[in-house]
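Build me a model from this:
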Amino acid sequence: MEQLKSFLKRKDIVISVRRYGIDALGAMAQGLFCSLLIGTIINTLGSQLGLSFLAAPVATVNDISYTVGGLASAMSGPAMAVAIGYALHCPPLVLFSLITVGFASNALGGAGGPLAVLFVAIIAAEVGKAVAGETKVDILATPLVTIGVGVGLSAWWAPALGKAAMRVGDLIMWATDLQPLLMGIVVSVLVGIALTLPISSAAICAALGLTGLAGGAAVAGCCAQMVGFAVMSFRENRWGGLISQGIGTSMLQMGNIVKNPRIWIAPIVTSAITGPIATCLFRLEMNGPPVSSGMGTCGLVGQIGVYAGWTNDVAAGLKTAITAQDWIGLLLISVVLPAVLCPLINMVLRRIGWVKDGDLTL
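Here you go, the predicted model:
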């Protein structure tokens with residue numbers, strides 16, 4: 001047992017919830033952002049602004065034409081796997097081998113590919129790390145083992161993992177359509193909490209394929225956390241804090257939440273209010289990339305995702321046009337309501353002594 005512990009330590013193989021559930025999951029979301037999400041943004045800019053160099057196909061592979069954004073989106077599997085490998089501190093040969101592993105697991109996982117990539121890439125990366133540097137033919141052994149394990153597990157696990165993820169996502173979306181009030185609260189609160197915790201709400205939404213009304217509720221919950229914390233802490237953090245939290249991440253408040261969990265009440269209550277308003281009143285749907293559902297106002301990705309969904313629906317004939325009510329609903333849910341409700345709720349908490357000056361200082 002001691003020899004095994006020593007070996008794992010030497011190989012930097014740390015089997016823990018933090019390493020896999022926080023570090024790897026968070027890195028996977030960054031990989032998604034740098035591929036699928038940025039590709040969607042490029043395509044949206046190209047089509048909506050009439051930029052031919054972004055909207056025109058630049059490559060054709062197997063009779064499929066790709067724009068610049070399309071090429072970026074097509075690389076989401078490899079990008080996620082390499083990002084996971086980077087978070088797990090993989091040596092170069094393992095890291096580069098994960099490109100193939102990510103492509104295989106994402107392709108075989110179908111619509112639920114991100115969840116398959118998460119599980120398969122972690123195992124392939126750790127096995128590759130265990131083998132790396134242990135033989136005289138490392139340049140052959142390490143890629144062979146990493147790719148062999150990764151592709152083998154992809155063929156074995158990825159279809160089932162992908163289907164399971166999509167079934168859970170479909171169940172959440174079905175329940176939200178059926179009970180928009182209750183599920184609007186549940187989805188908004190839970191995804192918003194996940195966004196502020198040191199885990200990735202974006203990766204969770206991507207893995208579950210969360211779109212539609214449930215995606216809209218998720219966007220509402222994330223915005224409630226980010227804009228809520230940004231505005232209610234303005235007195236302590238001024239403009240720098242407003243920007244870093246409002247279009248960066250509310251995760252910056254995690255240290256303060258540990259010191260005084262009551263500062264989290266206002267954003268959570270706000271998300272419980274804005275979620276059902278999004279689902280019941282405005283029928284706000286997020287039909288862009290599922291990863292956008294868990295991004296909130298981070299780089300305005302959530303809003304760009306909603307807009308991309310609108311344009312896709314219009315092009316498909318599912319929506320006649322983007323209306324003024326659509327824009328009003330998006331603006332109210334994303335910015336106005338969190339900026340008003342969260343500070344008001346926090347003011348009550350200050351008056352009863354649950355939140356004090358300095359509790360929100362970054």
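
who touches the residue lying farthest from the centre of the chain in this structure?
Checked against the mean C-alpha position of the chain, the extreme residue using Cα atoms, centre = their mean is Lys136, at a distance of 40.3 Å. Applying Cβ atoms under 8 Å, 6 or more residues apart in numbering to Lys136 gives no contacts. Backbone N, C-alpha and C define where each C-beta goes, glycine included.

On the three-state scheme, it is what?
coil (DSSP: H, G, I helix; E, B strand; the rest coil).

And the pLDDT at it?
The predicted local confidence for Lys136 comes out at a pLDDT of 91.

List phi and psi for it.
Note on Lys136: backbone dihedrals following degrees, to the nearest 10 are phi -80, psi -10.

after the helix or strand containing Asn106, next one along is what?
Per DSSP states H and E: Asn106 is located in helix 92-108. For helix 92-108, the succeeding helix or strand toward the C-terminus, using DSSP H and E, is helix 113-131.

Mind giving me the packing neighbours of that following helix?
For helix 113-131, the helices and strands in contact under the criterion 3 or more Cβ pairs under 8 Å, 6 or more residues apart in numbering; DSSP states H and E are helix 25-32, helix 76-87, helix 92-108, helix 138-178, helix 201-208.

and with 10 Å instead?
Here helix 113-131 is seen to pack against helix 2-10, helix 25-32, helix 76-87, helix 92-108, helix 138-178, helix 201-208 when contacts are counted using 3 or more Cβ pairs under 10 Å, 6 or more residues apart in numbering; DSSP states H and E.

CA atoms only: put the helix holding Asn106 into CSV for me.
Taking Å, rounded to 0.1, in the frame of the first residue of the first chain, the C-alpha atoms of helix 92-108 are listed here in CSV:
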residue,chain,number,x,y,z
PRO,A,92,3.4,16.4,-23.0
LEU,A,93,3.0,12.9,-24.6
VAL,A,94,-0.1,12.2,-22.6
LEU,A,95,-1.5,15.7,-23.2
PHE,A,96,-1.2,15.5,-26.9
SER,A,97,-2.6,12.0,-27.0
LEU,A,98,-5.7,13.2,-25.4
ILE,A,99,-6.6,15.0,-28.6
THR,A,100,-7.6,11.7,-30.1
VAL,A,101,-9.3,10.6,-26.9
GLY,A,102,-11.4,13.7,-26.8
PHE,A,103,-12.5,13.4,-30.4
ALA,A,104,-13.5,9.8,-29.9
SER,A,105,-15.4,10.2,-26.7
ASN,A,106,-17.2,13.4,-27.8
ALA,A,107,-18.2,11.8,-31.2
LEU,A,108,-19.4,8.5,-29.7
